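*Asks:* Here is a sequence with its predicted model. Questions after.
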Amino acid sequence: MKYSKRYICLTIILLLVVALKFNRNGSEQVETFRGAQMEPKVWNPLIAESVNENPLSLVVDNRIYSNEDYDIYMNQKLDIMIPVSLVRDSFNCSAGLYDKEKLVVEKHEESADFSLEDKQLTKKNDNYYVSASKLSKSLSYDYSWDIQKNTASAADISGATSIYPSKYDLREKGRATTVKNQGSLGTCWTSASVSALETALLPEESVQFSVDHMTLKNSFSQTQNDGGEYTMGMAYLTAWQGPVYEADDPYGDGESPDGLKPVKHVQEMQVIEGKDFEKIKEAVFKYGGVQTSIYSALRSSQSQSEFYNSSKNAYCYIGTEKPNHDVVIIGWDDNYSKENFSTAIEGDGAFICQNSWGGGFGDNGVFYISYYDTNIGVHNVVYTGVESTKNYDSIYQSDLCGWVGQIGYNKESVYGANVFTARKNEKLRAAGFYAVGKDTTYQVYVVKDFKDTSSFEKKERVAQGKLDNAGYYTIQFDKEIKVEPGEKFAIVIFVNTPDAVHPLAIEYTADATTAKVDLSDGEGYISPDGRTWESAEDTQSCNLCIKAYAGK
């Protein structure tokens with residue numbers, strides 16, 4: 001039978017004991033079982049064991065998190081404990097671990113601290129956990145426990161329309177990184193990318209990544225004086241070419257040593273739709289700095305411009321010029337006065353931005369850009385998946401220049417497939433690809449023992465879902481797929497992107513910058529319907545941006 005006799009017996013106890021703890025008034029006291037002398041120190045461990053050995057779920061705002069997919073458990077105080085790494089996305093809030101001993105959680109106008117010292121935070125096997133009920137109470141959530149379903153539920157009852165306050169500054173939260181100084185080189189795009197990436201790790205981890213390595217060890221044909229854009233940084237990171245530490249490749253010497261390995265694996269980067277200020281604020285609040293592009297009439301920290309009020313460190317350009325400079329949005333102030341700008345604008349409000357001209361510019365390298373600036377917030381990327389290099393052993397890819405263009409059949413959906421040859425005995429665990437627009441739905445398949453296009457008929461679905469924003473995503477498989485050395489396999493994706501006519505990201509030689517694109521390293525196929533296939537390299541002269549990740 002599914003349930004043991006011990007579980008059936010303990011269920012009776014749970015109905016009486018746990019119900020006393022998890023009532024709708026949020027009481028944290030466990031009363032003595034009526035009719036017997038049952039001490040919590042005796043019964044609680046048995047109750048927790050019984051709960052944990054069966055399917056256990058936490059439902060937050062109708063999203064389900066189970067102990068089969070996440071490390072959720074009941075402790076001996078009968079609290080449902082969730083990993084700190086899950087807090088931000090499950091409760092849709094800002095969550096930062098400070099000094100490896102204090103968790104700070106923010107949402108709406110609420111803020112709460114949970115520390116190891118006061119035992120509100122628990123550390124187990126190098127992972128941190130917090131009580132779901134205490135977290136719910138601090139964020140104005142209704143919390144309940146259903147013993148029959150072995151399920152805890154939390155629902156936001158605050159009534160607030162926004163998850164973030166009207167003013168927010170990563171500097172005040174210990175989540176802003178060191179200001180870069182690009183000097184005379186055209187590396188603003190790299191400085192902004194690296195800075196935003198560094199903020200994504202704060203406050204848990206403070207590191208400095210190399211700007212030189214990103215500009216000199218990517219797969220593009222350009223010098224440090226030629227400039228670049230955020231998609232180039234994305235390609236460098238998704239290819240696992242970096243990042244590396246600044247100490248291993250210092251800035252400004254024009255050289256970058258060979259053989260440096262990435263110190264992080266960046267598995268997800270979200271591209272926020274142009275001028276969606278609410279999404280930009282949410283990204284800063286939850287994940288860290290947002291890399292964005294502006295038109296800068298200033299050329300250095302010593303420049304002057306009619307669009308810049310140096311006494312207020314306030315900038316606003318309104319015109320037709322295209323972006324020529326990248327900065328990092330690290331906060332905002334909805335009430336920042338329009339009178340602070342030298343340009344006449346309609347209303348108040350500004351983003352707080354970190355530049356790459358050293359501490360001598362603005363307020364120690366930081367300045368305000370009006371919400372009414374023409375280009376601020378049009379092109380945006382936030383680094384939402386920065387992981388340990390131990391996450392996967394292998395990456396299979398052919399698109400080192402990443403998202404150069406798009407392909408499709410003049411409709412919202414398309415099939416794409418990349419064929420790879422396994423290098424060793426390992427398990428396929430995930431696939432990576434770009435969503436070229438928001439609200440993209442996808443299905444991922446694997447084909448083992450690939451021979452030719454007829455092999456696509458035996459594709460096996462391993463994942464499906466929906467992506468809110470454009471960007472690069474790593475999709476975990478529902479189950480691992482074993483491959484052997486020399487075995488050819490295919491990663492197949494079906495994507496549907498609303499309003500897109502070319503919904504599949506590709507790499508191809510578009511200009512001198514992408515002159516190094518190599519079509520000989522890939523075997524890709526595209527299809528309008530999953531039945532008829534054509535070679536991406538032979539008929540379209542491109543590589544598909546589809547990767548595979550594997551491990552032992």
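*Replies:* Okay, I see it.
*Asks:* alpha carbons only for contacts and neighbour counts from here, please
*Replies:* Noted.
*Asks:* Is Lys482 in contact with Leu428, as I believe?
*Replies:* Yes - taking contacts as C-alpha atoms under 8 Å, Lys482 lies within contact range of Leu428: 6.2 Å.
*Asks:* Would you mind telling me which of those two has more residues around it?
*Replies:* Taking other C-alpha atoms under 10 Å, Lys482 and Leu428 do not tie; Leu428 has more neighbours (25 against 15).
*Asks:* Which strands or helices does the helix or strand hosting the more buried one pack on?
*Replies:* Leu428 is part of strand 426-435, with elements assigned from DSSP states H and E. For strand 426-435, the packing partners by 3 or more C-alpha pairs under 8 Å, 6 or more residues apart in numbering; DSSP states H and E come out as strand 470-483, strand 504-507, strand 546-551.
*Asks:* Name whatever forms a beta bridge with the closest residue in space to Lys167 that isn't next to it in sequence.
*Replies:* Using C-alpha to C-alpha, 6 or more residues apart in numbering and skipping the chain neighbours, the partner closest in space to Lys167 is Asp333 (4.4 Å). Here Asp333 sits in beta bridges with Lys167, Ala350, going by DSSP bridges.
*Asks:* The helix or strand hosting Ile329 packs against which elements?
*Replies:* Under the criterion of DSSP H and E, Ile329 resides in strand 325-333. Counting by 3+ C-alpha pairs under 8 Å, 6+ apart, the packing neighbours recorded for strand 325-333 are strand 167-169, helix 188-201, helix 277-286, strand 290-294, strand 350-354.
*Asks:* which residues are contacting that strand?
*Replies:* The contact list for strand 325-333, computed with C-alpha atoms under 8 Å, 6 or more residues apart in numbering, reads 166-171, 176, 188-189, 192, 195-196, 281, 284-285, 288-296, 349-356.
*Asks:* Buried subset of those as a PyMOL selection?
*Replies:* Only the buried entries of the contacts of strand 325-333 go into this PyMOL selection, using 16 or more other C-alpha atoms under 10 Å:
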select buried, resi 167+168+169+170+176+188+189+192+195+196+281+284+285+288+289+290+291+292+293+294+295+296+349+350+351+352+353+354+355+356
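*Asks:* rewinding a little: can you spell out which helices and strands pack onto whatever helix or strand comes next after the strand holding Leu428?
*Replies:* Remark: after strand 426-435, the chain's next helix or strand is strand 440-447, criterion DSSP H and E. Secondary-structure packing of strand 440-447 (3+ C-alpha pairs under 8 Å, 6+ apart): strand 460-467, strand 488-496.
*Asks:* Need those strands in JSON lines (columns: distance to Gln302, mean pLDDT and mean neighbour count).
*Replies:* Shown next, in JSON lines, are the helices and strands packed on strand 440-447 (distance: least, C-alpha to C-alpha, whole Å; pLDDT from 0 to 100; neighbours: other C-alpha atoms under 10 Å):
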{"stretch": "strand 460-467", "distance to Gln302": "43", "mean pLDDT": "98", "mean neighbour count": "16"}
{"stretch": "strand 488-496", "distance to Gln302": "48", "mean pLDDT": "98", "mean neighbour count": "24"}
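*Asks:* Okay, domains of this protein per the record?
*Replies:* The chain breaks down into these domains under automatic domain parsing: 5-156, 167-382, 392-551.
*Asks:* How are the helices of the chain distributed by residue range?
*Replies:* Under the criterion DSSP state H, the chain contains helices at 5-21, 40-52, 84-90, 132-138, 188-201, 211-216, 230-238, 277-286, 536-540.
*Asks:* quick one, which of those helices is packed in tightest?
*Replies:* Greatest average neighbour count among the helices of the chain goes to helix 188-201 (a mean of 27), per mean count of other C-alpha atoms under 10 Å.
*Asks:* how far is that one from where the chain is centred?
*Replies:* The chain centroid and the centroid of helix 188-201 are separated by 14 Å under C-alpha atoms, centre = their mean, to the nearest Å.
*Asks:* What is it packed up against?
*Replies:* Judged by 3+ C-alpha pairs under 8 Å, 6+ apart, helix 188-201 is in contact with helix 211-216, helix 230-238, strand 290-294, strand 325-333, strand 380-387.
*Asks:* Would you mind putting the ones you listed into JSON lines with mean pLDDT and distance to Glu339 alongside?
*Replies:* Formatted as JSON lines, these follow (pLDDT from 0 to 100; distance: least, C-alpha to C-alpha, whole Å):
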{"stretch": "helix 211-216", "mean pLDDT": "98", "distance to Glu339": "36"}
{"stretch": "helix 230-238", "mean pLDDT": "97", "distance to Glu339": "32"}
{"stretch": "strand 290-294", "mean pLDDT": "98", "distance to Glu339": "21"}
{"stretch": "strand 325-333", "mean pLDDT": "98", "distance to Glu339": "14"}
{"stretch": "strand 380-387", "mean pLDDT": "98", "distance to Glu339": "27"}
